[in-house]
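Participant: sequence and predicted structure, then a few things I'm wondering about:
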Amino acid sequence: MCNRTNLVSIVFFVALFLVITGCSSDRNPNAPSSVSGRITYKGNPVPAGSVTFHSKEKGNYNAELGSDGTYQIIDLPADTMIVTVETESANPKKKAPEYGGGKGADDYKKRLAIEKPMKQTVQEYVKIPTKYSSPKTSPITITLDRGRQLKDFELTD
């Protein structure tokens with residue numbers, strides 16, 4: 001037999017559960033955007049590099065590309081943005097920057113030769129058209145709504 005106190009407690013906890021689950025980021029109109037998807041070029045995934053969403057007034061938001069061309073960015077504003085993609089950071093022919101000269105640089109090189117080299121993840125480089133690397137020339141624009149979104153991009157020549 002259920003008494004009035006138990007009934008009130010049950011109703012309270014059910015109401016509390018509904019309020020908490022009803023306020024998740026997918027249903028809250030004030031929640032920020034999150035976007036995930038896949039970048040492909042000529043039908044194949046772009047396995048290395050980065051994607052950046054450029055907002056004129058709210059800054060830039062970027063993510064590294066996974067080996068299958070996927071990306072994910074959270075906490076973006078709901079806004080119209082220009083999307084850029086770069087792969088030159090994975091270009092094996094790109095020369096690493098040199099840091100100064102003199103005694104400090106020589107000491108650094110000697111220390112690197114002695115220390116155990118760090119394992120580096122080998123990323124496959126895919127050359128894409130340069131128009132995608134700059135917000136001034138990228139043909140990709142997108143309007144993000146609040147909540148989670150899936151946006152795949154197929155790059156073309």
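Facilitator: Received the coordinates, thanks.
Participant: tell me which residues of the biggest strand by length in the chain are tucked away?
Facilitator: Using DSSP state E, we find that the single longest strand of the chain is strand 33-41. By 16 or more other C-beta atoms under 10 Å, the buried positions in strand 33-41 come out as 33-35, 37-41. In this view, the C-beta of every residue, glycine as well, is placed from N, C-alpha and C.
Participant: number of residues surrounding I142?
Facilitator: Around I142 there are 14 other residues, counting by other C-beta atoms under 10 Å.
Participant: low-confidence ranges in this structure?
Facilitator: Under the criterion pLDDT under 70, the flagged ranges of the chain are 1-31, 96-123.
Participant: before we move on, the earlier item: sheet-wise, list the partners of the longest strand of the chain with their directions.
Facilitator: strand 44-45 (antiparallel), strand 70-76 (antiparallel), strand 147-150 (parallel), strand 153-155 (parallel) (DSSP bridges).
Participant: now for the buried residues of strand 33-41: which two are most distant?
Facilitator: Across the buried residues of strand 33-41, no pair lies farther apart than S33 and Y41, at 24.8 Å, counting by C-beta to C-beta.
Participant: before we move on, back to that, with just CA atoms, put the longest strand of the chain into PDB.
Facilitator: C-alpha atoms of strand 33-41 as PDB (Å, rounded to 0.1, in the frame of the first residue of the first chain):
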ATOM      1  CA  SER A  33      26.800  23.600 -32.100                       C
ATOM      2  CA  SER A  34      28.900  20.500 -32.600                       C
ATOM      3  CA  VAL A  35      29.700  19.200 -36.000                       C
ATOM      4  CA  SER A  36      31.300  16.000 -37.200                       C
ATOM      5  CA  GLY A  37      31.700  14.400 -40.600                       C
ATOM      6  CA  ARG A  38      34.100  13.200 -43.200                       C
ATOM      7  CA  ILE A  39      36.400  15.000 -45.700                       C
ATOM      8  CA  THR A  40      36.900  13.200 -49.000                       C
ATOM      9  CA  TYR A  41      38.800  14.100 -52.200                       C
END
